[in-house]
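Peer 1: Below is the structure, and that's it, no one-letter string:
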C-alpha cells in the first residue's frame, strides 16, 4: 500500500507506505507545511505538538482506526533554522561563507544556490530559500491559491532567507537516544540540543558572529604568543577562504592532525566568522535574524 493522503486544508502531502506482507506502516511529511502550508517559517515545539495531535486525529478519521502516537517510532528527523538577512547580497555572501564549512567535504554536493554534506546516517544542507521556493512551492501556490497575491507574498517572504537543515536518520538517532524514539518522547530540549550540536560541528566556531580582521587578530594575540597568533591568523584566512586555490594550499601544506589542532586553537580563542563584505552579522542559534520568533504563529498558509 502506498498513498499520499489529503488531510486538512494546509496539508502538503502525507505519504504512507505499507510494504507487502509487513505490519509496519511508514509515514513521511513536512510538519511546517502541514501547519502553515509552506516551510518558509520555522515550526516551534508548541505548534509541532499540535501538528502531531491533529495528524493523528485526521488519520483516524480517514482510515477509521490508526495506531496511537505512542506507537509512532521515529526513523528520521529533519531539524532546521532559517535567517532572514538584510539584503540579497548579504544572503549570497553568507551562503558562500557557509560553503567553506563542512561536516564532511568528501561527500559534498554543490549547486549554485545550495550545497549538501551527505552521509548515510546524517546529512546537512544549506540553501537560499528564495530560488528553492520559486522552483517548487511557488508554482504550487500559483495553481492552487484562491488569491494569486498569496503566492507572490510568500515568494517575497522567502527573499534573503538562508536555511540550515540537518537530517538525522535511524543510526544517528540511536546515537543520541538509548531507546527507540517515539513521537511522544521527543521534547523541546532534545530539538534545541541536537540542532546546536550539529550546527557547532558544522561551523566549528564557538561564536558564530562576523568579526573584522583586526578583531580576529586581536583575539588571537590575547590568547596566544605573537608567533602563534600570526600562524593561526594565516591558517584561518586560508582555511575559510572562498577561493579554491587557498583550499589547495591547505591540503598541500597541512596534515590532518595540524588542521584539527589549529581549528581547536581557533575555537578556544573564540574566533568568529570573517567576510570582507559582511559586517556585524550574528548567525548564532538563536539569532535576531531568525525568520520568525518562538511564540509567534505567522499567518501565510
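Peer 2: On my side now, so go ahead. Please read these numbers as outputs of a predicted model, since none were measured by experiment.

Peer 1: alpha carbons only for contacts and neighbour counts from here, please
Peer 2: Fine.

Peer 1: Let's test this: mean pLDDT of stretch 98-105, rounded?
Peer 2: With pLDDT averaged residue by residue, stretch 98-105 scores 82.

Peer 1: Report the distance from it to the chain centre.
Peer 2: Relative to its parent chain, stretch 98-105 has a centroid offset of 13 Å by Cα atoms, centre = their mean, to the nearest Å.

Peer 1: Would you mind listing the buried residues in it?
Peer 2: 98, 99, 100, 101, 102, 103 (16 or more other Cα atoms under 10 Å).

Peer 1: Apart from its chain neighbours, what residue comes closest to the fifth one?
Peer 2: Which is residue 102. Using Cα to Cα, 6 or more residues apart in numbering and skipping residues adjacent in sequence, the residue nearest residue 102 is residue 202, 5.4 Å away.

Peer 1: Likewise for the third one?
Peer 2: The spatial neighbour of residue 100 that comes closest, neighbours along the chain excluded (Cα to Cα, 6+ apart), is residue 240 at 5.4 Å.

Peer 1: what does the second one give?
Peer 2: Setting aside the residues directly before and after it, residue 99 is nearest to residue 115 in space (Cα to Cα, 6+ apart), at 7.3 Å.

Peer 1: which residues touch that neighbour?
Peer 2: Residue 115 makes contact with 99, 108, 109, 125, 126, 127, according to Cα atoms under 8 Å, 6 or more residues apart in numbering.

Peer 1: who's it bridged to?
Peer 2: With DSSP bridges as the criterion, residue 115 is bridged to residue 110, residue 126.

Peer 1: Report the separation between it and residue 153.
Peer 2: The spacing between residue 115 and residue 153, counted by Cα to Cα, to the nearest Å, is 26 Å.

Peer 1: can you tell me which helix in the chain is longest?
Peer 2: Counting residues, the longest helix found in the chain (DSSP state H) is helix 45-63.
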